[in-house]
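Peer 1: take a look and give me a structure for this.
(chains A, B, C and D)
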2 protein chains.
Amino acid sequence: MPDHEREMETVHLLRAATVELGLHSARFAHRNGMHPTDVRALIALLDASRSGTDMTAGRLGALLGLNSAGTTALIDRLERLGHVRRVRDGRDRRRVLVEIEERAVELGWDHFGPLIARAVGLLEGYDERELAAVRRFLTAVRDAAAEAAD
Amino acid sequence: MPDHEREMETVHLLRAATVELGLHSARFAHRNGMHPTDVRALIALLDASRSGTDMTAGRLGALLGLNSAGTTALIDRLERLGHVRRVRDGRDRRRVLVEIEERAVELGWDHFGPLIARAVGLLEGYDERELAAVRRFLTAVRDAAAEAAD
DNA sequence: GCTATTATCTCGCTGAACGAGATACTCGGT
DNA sequence: ACCGAGTATCTCGTTCAGCGAGATAATAGC
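Peer 2: Residues are numbered from 1 along each chain as shown, chains lettered A, B, ... in the order given. Here you go, the predicted structure:
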């Protein structure tokens, strides 16, 4: 049986980093009178916006694992806080598009920006092979966790 | 202004991996009739057990950011499911030590074991410098997120 | 046009977590 | 040895996120 010590310790490091990032996200939520789910919703909206897709209420709820009632309540909360707005889809008027407000984007950047900048700065000191190693590891972990969904 | 493209994409990868790991943990919770907080509690108990520290009710609640009422309810839930047991501390009889049951450890290993094994297997293909790069990155991210707590 | 399907919302309920305060135990000072 | 301050946990009543069931509104197929 081989010696897995350094590899195992690295996996623990990944978990520790994940926990701390979760706590950091929870602080953002708390500081702005929100819940973890609300933050996840904003992140999903930013991702959609970045990729040019528009987000409907139903799709958002499905992404977060909420049922329709919970989704409505979620969007109500975010709308009340001024972080999103509801827009009826003109093509299919059953659908409600959820759009993120500029204010929410700035709020998120204020909180997560410094951390992101620091991580980017760190990686700038890495050579090509080191950066590739990090990317390969993160990609594989992401895919492995995603695959386990069945 | 420098080109941050590859570094920024790597940070997005980290976030994606974090999200997927969170979902994987949520599946474990759901599958066993538990809530995210319960899983976090079990992880904290495993960490304490690994480092030989014993965990009191109060310390557990503080770690998870719960107040005393919530902590009592959490331990009640875990005890009802047979995952932990309460043990009065002999030295300071105000304190309640929370000990994890072997059954819960096995349950966790069944769920997270395959993912951990896969990550370890991946890292075995890395040379010394690549592994060090991954460890350096994760350590720095963990510390940066933890430092932001104030 | 009429029916089936899809998207969202409303209502009533359960349960996690909170604040306030009760209870039980420990420890330092006199 | 006692008393009061401090500490650890638990109890009670409340709030609110999320669920299940079902209502409402718009679209699509025949």
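
Peer 1: make it CA atoms for all contacts and neighbour counts henceforth
Peer 2: OK.

Peer 1: which stretches of chain A aren't confidently modelled?
Peer 2: A:1-3, A:150 (pLDDT under 70).

Peer 1: for it, which helix is longest?
Peer 2: Counting residues, the longest helix found in chain A (DSSP state H) is helix A:5-31.

Peer 1: strands of chain A, residue ranges please.
Peer 2: A:55-56, A:84-88, A:96-100 (DSSP state E).

Peer 1: now the ones you listed in JSON lines, with mean neighbour count?
Peer 2: Rendered in JSON lines, the data for the strands of chain A read as follows (neighbours: other CA atoms under 10 Å in any protein chain shown):
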{"stretch": "strand A:55-56", "mean neighbour count": "19"}
{"stretch": "strand A:84-88", "mean neighbour count": "16"}
{"stretch": "strand A:96-100", "mean neighbour count": "20"}
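
Peer 1: nearest to DNA strand D, of those strands?
Peer 2: Closest of these to DNA strand D is strand A:84-88, at 9.2 Å (criterion: CA to the nearest atom of the strand).

Peer 1: returning to that earlier point: for B:A73, which of the strands of chain A is the nearest?
Peer 2: strand A:84-88 (34.4 Å; CA to CA).

Peer 1: which residues does the residue most central in space within chain A contact?
Peer 2: Residue closest to the average C-alpha location in chain A (CA atoms, centre = their mean): A:I43, at 4.1 Å. For A:I43, no contacting residues are found, by CA atoms under 8 Å, 6 or more residues apart in numbering or on different chains.

Peer 1: again, only using 10 Å
Peer 2: A:T37, A:S49, A:I100, A:V105, A:G108 (CA atoms under 10 Å, 6 or more residues apart in numbering or on different chains).

Peer 1: name the nearest residue to the last one, sequence neighbours excluded.
Peer 2: Setting aside the residues directly before and after it, A:G108 is nearest to A:F28 in space (CA to CA, 6 or more residues apart in numbering or on different chains), at 8.0 Å.

Peer 1: can I assume the one you found is in contact with A:A104?
Peer 2: No: in this structure, A:F28 is not within contact of A:A104 by CA atoms under 10 Å, at 11.6 Å.

Peer 1: who in chain A is up against DNA strand C?
Peer 2: Counting by CA under 7 Å from any atom of the strand, the positions of chain A adjacent to DNA strand C are A:56-59, A:68-69, A:71-73, A:75, A:94-97.

Peer 1: please spell out the ChimeraX selection for the buried subset of these.
Peer 2: Buried residues within the residues of chain A next to DNA strand C, by 16 or more other CA atoms under 10 Å in any protein chain shown, are selected in ChimeraX with:
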select /A:56,57,58,71,75,95,96,97
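
Peer 1: most widely separated two among the residues of chain A next to DNA strand C?
Peer 2: A:A73 and A:R94 (17.7 Å).

Peer 1: domains in chain A, by residue range?
Peer 2: Per the record, chain A has its domains at A:1-31, A:36-100, A:102-150, by automatic domain parsing.

Peer 1: and the shortest one, anywhere near DNA strand D?
Peer 2: Yep, that's domain A:1-31 we're talking about. No: Domain A:1-31 stays clear of DNA strand D (CA under 7 Å from any atom of the strand), getting no nearer than 11.1 Å.

Peer 1: what residues are up against A:V105?
Peer 2: Neighbours of A:V105 in contact, by CA under 10 Å, 6+ apart: A:L42, A:I43, A:L45, A:L46, A:H83.

Peer 1: count the residues that sit near the third one.
Peer 2: Just to be clear, that refers to A:L45. 22 (other CA atoms under 10 Å in any protein chain shown).

Peer 1: I figured it hits A:T53, correct?
Peer 2: Yes: A:L45 is in contact with A:T53 according to CA under 10 Å; the separation is 9.3 Å.

Peer 1: alpha carbons of stretch A:114-121, as PDB, please.
Peer 2: Extracted C-alpha coordinates of stretch A:114-121, given in PDB (Å, rounded to 0.1, in the frame of the first residue of the first chain):
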ATOM      1  CA  PRO A 114     -10.100  41.900  -2.700                       C
ATOM      2  CA  LEU A 115     -10.000  38.100  -2.300                       C
ATOM      3  CA  ILE A 116     -10.200  37.500  -6.000                       C
ATOM      4  CA  ALA A 117      -7.500  40.100  -6.700                       C
ATOM      5  CA  ARG A 118      -5.300  38.400  -4.100                       C
ATOM      6  CA  ALA A 119      -5.800  35.000  -5.700                       C
ATOM      7  CA  VAL A 120      -5.000  36.400  -9.100                       C
ATOM      8  CA  GLY A 121      -1.900  38.100  -7.800                       C
END
